[in-house]
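> sequence first, predicted coordinates after that:
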Amino acid sequence: MWKLFKNLRQDESGQDLIEYALVAALIALGAVVSMKTVSTAIGAAFTTIGTQLSGALAGL
């Protein structure tokens, strides 16, 4: 029984998989945060363009 616990404690075969999963989770979190910022900037740009086009068409 003690030998089983000792082997489980020393077994590091799943460690790489956990590290890769953590890195992937951090990348996904960074992508979500950056996409929120980019979507806000794109929305503001389209609003500005729409306002300018409305003003230009009203002057015709």
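Thanks, I have it. Residues are numbered from 1 along each chain as shown.
> could you dump stretch 27-36 to CSV, C-alpha only?
Extracted in CSV, the C-alpha atoms of stretch 27-36 (Å, rounded to 0.1, in the frame of the first residue of the first chain):
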residue,chain,number,x,y,z
ILE,A,27,-4.3,32.4,-23.7
ALA,A,28,-8.1,32.1,-23.9
LEU,A,29,-8.6,34.5,-21.1
GLY,A,30,-6.3,37.0,-22.7
ALA,A,31,-8.1,36.6,-26.0
VAL,A,32,-11.5,37.2,-24.4
VAL,A,33,-10.3,40.4,-22.7
SER,A,34,-8.6,41.7,-25.8
MET,A,35,-11.6,41.0,-28.0
LYS,A,36,-13.8,43.0,-25.7
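> and the gap between the residue nearest the centre of the chain and Ala44?
Centrality entry for the chain: nearest residue to the mean C-alpha point is Ala31, 2.2 Å, by C-alpha atoms, centre = their mean. To Ala44, Ala31 is 20 Å away according to C-beta to C-beta, to the nearest Å. Heads up, the C-betas are built off the backbone N, CA and C, glycines and all.
> how far away from the center of its chain is the host helix or strand of Thr51?
In this structure, Thr51 sits in helix 15-58 according to DSSP states H and E. Distance of helix 15-58 from its chain centroid, counting by C-alpha atoms, centre = their mean, to the nearest Å, is 9 Å.
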